[in-house]
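Visitor: Predicted model and sequence follow; I will ask about them next.
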Amino acid sequence: MLKRFIPAAVAAISLAGLAFTSPASAASLPDRMYGCARGDICMYSTEVPSAATKIGIGRGEDWSSSTSDPSYKNVRSVFNYGYPAYEDHVALTYRTPGDQFWPTECIHRAEDGNLAIGQKSWRIAKEVFVIDWINASKPPCNEK
């Protein structure tokens, strides 16, 4: 009887220990990076994002300026800290002040082990007109 009990007890203890540990591949990002909360896209006045230079956020909702005077001005970098979900990439439409050309660019979301994929920076400040949360398979994200 003891011979059957010991292996069963060891197996039960081993399984209980697994319930309280998480696998190494399940690493998660912190709630905030560069002053940007999870689920947001944040804009900064410098090429390198930091909490001190944050000038605006888009909180997971689509946003479009209905005027020619955008709310997000002097943007030098953005950081997409969206949750991995159906719509976690951002199609961002912007212009250089005074320019009539408005490109739209996909900003991928930051990922475990690759925060840089969620960042975009410019040497010349931009005015952001549209924030459109989209699926990675939709244009302009699917073009890359």
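Guide: Ah, there it is.
Visitor: CA atoms for contacts and neighbours, from now on please.
Guide: OK.
Visitor: Spell out the residue ranges of the strands in this protein.
Guide: For the chain, the strands defined by DSSP state E occupy 32-33, 36-37, 41-44, 54-58, 63-64, 72-80, 89-95, 104-107, 119-134.
Visitor: tell me the most buried of those strands?
Guide: strand 41-44 (a mean of 27; mean count of other Cα atoms under 10 Å).
Visitor: looking at the strands of the chain, which is closest to N142?
Guide: strand 104-107 (8.7 Å; Cα to Cα).
Visitor: and the closest one, what other elements does it pack with?
Guide: strand 89-95 (3 or more Cα pairs under 8 Å, 6 or more residues apart in numbering; DSSP states H and E).
Visitor: Provide the strand pairings for the strand it packs on, with the direction of each partner.
Guide: strand 104-107 (antiparallel), strand 119-134 (antiparallel) (DSSP bridges).
Visitor: thinking again about what came up before, how about TSV for the strands of the chain, with distance to C141 added?
Guide: Conversion of the strands of the chain to TSV gives the following (distance: least, Cα to Cα, whole Å):
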stretch	distance to C141
strand 32-33	23
strand 36-37	22
strand 41-44	16
strand 54-58	18
strand 63-64	18
strand 72-80	13
strand 89-95	8
strand 104-107	5
strand 119-134	8
